[in-house]
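> Sequence and computational prediction follow.
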Amino acid sequence: MPARDAPRGRSASIWDVARAAGVSQQTVSRVINGKTRVSEETRARVQQVIAELGYRPNRLAQALAGGPVRSVTVLTSDTALYGAAATLRGMEEAARTAGFSVGISVLDRDSPQSDIALRLSRPGEPVMVIAFDDAGRRALHALPPDVPVTAAVERRADDDIDDIDDSGGGPWQVWLDDRAAAAHATRYLLGLGHRCVHYVAIPSSTSPLPQRTRGWQDALRGAGRPLPEPLQGGWTPRSGFLAVRSLLTDRSVTAILCGNDDLALGVMRAAREAGRDIPGDLSVVGFDDSPPSAYLNPSLTTVRLDFEALGRACFALLHHRLAPRTALAVPPWSEPELIVRESSGPAPA
């Protein structure tokens, strides 16, 4: 379907949406308000036109007409980190398309759990939580039981996984398979002839080890290779830089996997200061495929994660919780993919 534009000089109206979708204004209203008397084909067509025109329902008009003012709050501890920001974009895009307004509440990393419910604009308002870190995890478990909740989380250890729960109780969760992705990236480096792969870890939300650390360990154990202690980084380039400065004086270290691309940026800076050539005598691999990674010098080999689609899936679960008579249709997200660029190469002879 070709992209459509709103009439020049004004925002799109509900009539513009109806005309472009070939339906009545009442049908568009039913889609916006989540009514069930619309076929799935028509609903999808109307939602696509809403997204293309950038139509935003008039909340005041809905309230004056006695209709629901639908909103959702997203709880996150960070809107700057690439993974959280991209997940938030996906959540906001999906919610807006479905006619929801979105409020964002940024958590203090040391927020007391008793304050979490106060962050909702209305009691019982539905919530999505970006729970990639401790602050998000604490918020997820501190919300009152009557609040509809879904969350994007780091996938937990195999003996502690909650599958999507459609019983109506407990938060529904979606995740990316970081563990398998980290194992794949480590095996890739081993396949290039590196005897060992060192790892700079991001902070964990799943004590004692995050899934990316587990995947790195899985691959080394499976190959019968030495298992060094992971280096503890933070979320920033500076923490990656500081974590590896002493390690890089050891010329037997030829491959480093990083828990995110920002850590890899710091590692690459430390390598240059130590006189190490990338990828001639040191291979560096990141995680997340943030936009700058393709434009570094050398460009960064990294694991691409579909955060925006994960955010859309998180909202789809929440929407189903709020309208359980509708079919549960979670949009798919891509599996993690290793993007090979210039920062990785064969082990030095």
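Structure received. Residues are numbered from 1 along each chain as shown.

> The stretch 101-250 of the chain: strands as residue ranges?
For the stretch 101-250 of the chain, the strands defined by DSSP state E, counting those that start in this stretch cover 101-106, 127-131, 149-153, 172-174, 198-201, 231-232.

> could those strands go into TSV alongside distance to residue 143 and mean neighbour count?
C-beta coordinates here come from the backbone N, C-alpha and C atoms, glycine included. Listed next are these as TSV, based on distance: least, Cβ to Cβ, whole Å; neighbours: other Cβ atoms under 10 Å:
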stretch	distance to residue 143	mean neighbour count
strand 101-106	12	16
strand 127-131	6	28
strand 149-153	6	25
strand 172-174	13	22
strand 198-201	28	25
strand 231-232	30	18
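
> To residue 27, which of these lies closest?
strand 101-106 (21.5 Å; Cβ to Cβ).

> gap between that closest one and the chain center?
How far strand 101-106 lies from its chain's middle: 16 Å, per Cα atoms, centre = their mean, to the nearest Å.

> Next: stretch 340-349.
Distance of stretch 340-349 from the chain centroid (Cα atoms, centre = their mean) equals 28 Å.

> Quick one: residues contacting the closest residue to residue 241 other than its chain neighbours.
Once flanking residues are discounted, residue 241 sits nearest to residue 266: 3.5 Å by Cβ to Cβ, 6 or more residues apart in numbering. Residue 266 sits next to 233, 236, 237, 238, 239, 240, 241, 242, 243, 244 when contact means Cβ atoms under 8 Å, 6 or more residues apart in numbering.

> Among those residues, list the two that are farthest apart in space.
Among the contacts of residue 266, 236 and 244 lie farthest apart (Cβ to Cβ), at 13.5 Å.

> Could you check which of the two is surrounded by more residues?
Set side by side, residue 236 and residue 244 show more neighbours around residue 244, with 27 against 15, by other Cβ atoms under 10 Å.

> Now for that one: which residues touch it?
Contacts of residue 244 (Cβ under 8 Å, 6+ apart): 198, 200, 231, 256, 266, 267, 270, 271.

> how about low-confidence regions in the chain?
Within the chain, the ranges that satisfy pLDDT under 70 run 1-11, 32-37, 56-69, 109-124, 155-171, 204-208, 325-332.

> circling back to that earlier point, so which helix or strand takes in the residue nearest to residue 241?
helix 261-273 (DSSP states H and E).

> And that helix, what's buried?
Buried residues in helix 261-273, defined by neighbour count with 16 or more other Cβ atoms under 10 Å: 261, 262, 263, 264, 265, 266, 267, 268, 269, 270, 271.

> Just send the strands of the stretch 101-250 of the chain back as JSON lines, with distance to residue 49 too.
Formatted as JSON lines, these follow (distance: least, Cβ to Cβ, whole Å):
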{"stretch": "strand 101-106", "distance to residue 49": "19"}
{"stretch": "strand 127-131", "distance to residue 49": "25"}
{"stretch": "strand 149-153", "distance to residue 49": "26"}
{"stretch": "strand 172-174", "distance to residue 49": "27"}
{"stretch": "strand 198-201", "distance to residue 49": "45"}
{"stretch": "strand 231-232", "distance to residue 49": "49"}
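
> Which one of the ones you listed lies nearest to residue 222?
Of these, nearest to residue 222 by Cβ to Cβ is strand 198-201, at 15.0 Å.
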